[in-house]
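>>> can't give you the sequence, but here's the structure:
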């Protein structure tokens, strides 16, 4: 049977457990992260990736769909050559030149996280 994990929008085929890596934590440089954290380490909400307010930027979908950006405010890494983990633009007009920050998402490790969600 096949079903949809509505919480994460994933499709599961043949009752195979869904992988939680890159959902609850990130691997590598975080380019595959598709979790739902939408807050920076400096405690700001993230700006919607498809909007240019308050920060004007170029990381819009569909050009950056490969990085998971889109009509949402979740942390992603559309600049894996320059950044080592998921980040976002701050949804705060008065941040001036400090317009982005990394997100407080743990890096995946077998000691801290199970691989599958059952």
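Alright, I've got the coordinates. A quick note: this is a predicted structure, and the numbers were derived from the prediction, not measured.
>>> Residue 101 should be in a helix, yeah?
No. Per DSSP: H, G, I helix; E, B strand; the rest coil, residue 101 lies outside any helix segment and is strand.
>>> shaky segments in the chain?
1-20, 95, 113-118 (pLDDT under 70).
>>> could you redo the last one with a cut-off of 80?
1-22, 95-97, 109-118 (pLDDT under 80).
>>> so who does residue 49 touch?
Counting by C-beta atoms under 8 Å, 6 or more residues apart in numbering, residue 49 touches 59-61, 64, 69-73, 76, 88. For glycine as for every other residue, the C-beta is placed from the backbone atoms N, C-alpha and C.
>>> run the last query once more with 7 Å
The neighbours of residue 49, taking C-beta atoms under 7 Å, 6 or more residues apart in numbering as the test, are 59-61, 69-70, 72.
>>> Same question for residue 64.
Taking C-beta under 7 Å, 6+ apart, we find residue 64 in contact with residue 78.
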